[in-house]
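Provided below are the primary sequence and the corresponding predicted coordinates.
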Amino acid sequence: MLHLIYENRMITPKREFKEQEDIIAGCLKEDPRAQKALYDLFSSKMFSVCVRYMGCRELAKDVLQEGFITVFEKISSYSGSGSFEGWLRRVFVNTALMQLRKSNVLRFSEELNDSDNSIIVEAEGLNGLSTQELYKLISSMPSGFRAVFNLYVIEGFSHIEIANQLNITESASRSQLSRAKGWLKDRLFENR
């Protein structure tokens, strides 16, 4: 049976949580067993999100911890409609973005005019590349490129939304995406 240590006392769960809804309900009541169950259920997926944005496992661990603190504090704002995992993911992306804004990763970004925004990563460069290898490559991007690339390509945000989230101009977002694609293209063809 699972035993938890919480505030220097051992807790033996009275029951295991069977459904995600039970876990959420327990977290709303600030039940440490439910919080642990939520952490166990989603920590590895959310850690992957954090690594993708932060590029470094150590920084990602900090973001993961901050993200779960935010989740436990703000779980009452989850309306119950839509995917809970989607809501959770949004919390972790926002936590990572907040950390990136604090470190001001885009302070040296420069804007390109639209004619320079033509670099495209060709699909054949991705052939034979596993998802894990692609995420590892994305994680090794410079942080400004990585943030915009993740938000645009993986999360599906527009350049206007990215500019608002990162406190940059829309053209700086386009520039960073263009450079990220060029960087990725260079790395893909280096490995051929």
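Yep, that arrived. Remember, it's a predicted structure, so these values are computed and weren't measured experimentally. Numbering: from 1, shown residues only.

Which other helices and strands does the longest helix seen in the chain contact?
Of all the segments of type helix in the chain, defined by DSSP state H, the longest one is helix 32-54. Contact analysis of helix 32-54 by 3 or more Cβ pairs under 8 Å, 6 or more residues apart in numbering; DSSP states H and E lists strand 4-6, helix 20-28, helix 57-74, helix 84-103, helix 131-139, helix 143-149 as its packing neighbours. Using the backbone N, CA and C atoms, a C-beta is placed for each residue, glycine as well.

10 Å instead?
Packing partners of helix 32-54 (3 or more Cβ pairs under 10 Å, 6 or more residues apart in numbering; DSSP states H and E): strand 4-6, strand 9-11, helix 20-28, helix 57-74, helix 84-103, helix 131-139, helix 143-149.

which parts of the fifth one are buried?
Buried residues in helix 84-103, defined by neighbour count with 16 or more other Cβ atoms under 10 Å: 84, 87-89, 91-93, 95-97, 99-100.

Let me have those residues in a markdown table, extended by distance to residue 184 and pLDDT.
Output for the buried residues of helix 84-103, formatted as a markdown table (distance: Cβ to Cβ, whole Å; pLDDT from 0 to 100):
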| residue | distance to residue 184 | pLDDT |
| --- | --- | --- |
| 84 | 32 | 94 |
| 87 | 29 | 95 |
| 88 | 27 | 96 |
| 89 | 23 | 94 |
| 91 | 27 | 96 |
| 92 | 23 | 97 |
| 93 | 20 | 94 |
| 95 | 25 | 96 |
| 96 | 19 | 94 |
| 97 | 20 | 91 |
| 99 | 23 | 90 |
| 100 | 19 | 86 |
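
Can you tell me, leaving aside adjacent residues, what's nearest to the residue nearest the centre of the chain?
A centroid search over the chain (Cα atoms, centre = their mean) returns residue 49, at 3.3 Å, as the residue closest to the centre. Distance criterion Cβ to Cβ, 6 or more residues apart in numbering; nearest residue to residue 49, sequence neighbours excluded, is residue 92 at 5.0 Å.

Same check on residue 99?
Counting by Cβ to Cβ, 6+ apart, the residue nearest residue 99 is residue 63, at 5.7 Å.

again, but for residue 135
residue 52 (6.0 Å).

residue contacts, residue 139?
Shown in contact with residue 139 (Cβ atoms under 10 Å, 6 or more residues apart in numbering): 48, 51-57, 60, 146, 150.

Phi, psi for the residue nearest to it when sequence neighbours are not counted please.
Distances taken as Cβ to Cβ, 6+ apart place residue 55 nearest to residue 139, at 4.8 Å, with adjacent residues excluded. Main-chain dihedrals, residue 55, degrees, to the nearest 10: phi 80, psi -10.

Does residue 55 touch residue 142 like I think?
Yes: between residue 55 and residue 142 there is a contact under Cβ atoms under 10 Å: 8.3 Å.

Residue 156: neighbour count?
The tally of other residues near residue 156 (other Cβ atoms under 10 Å) stands at 8.

All set, thanks.
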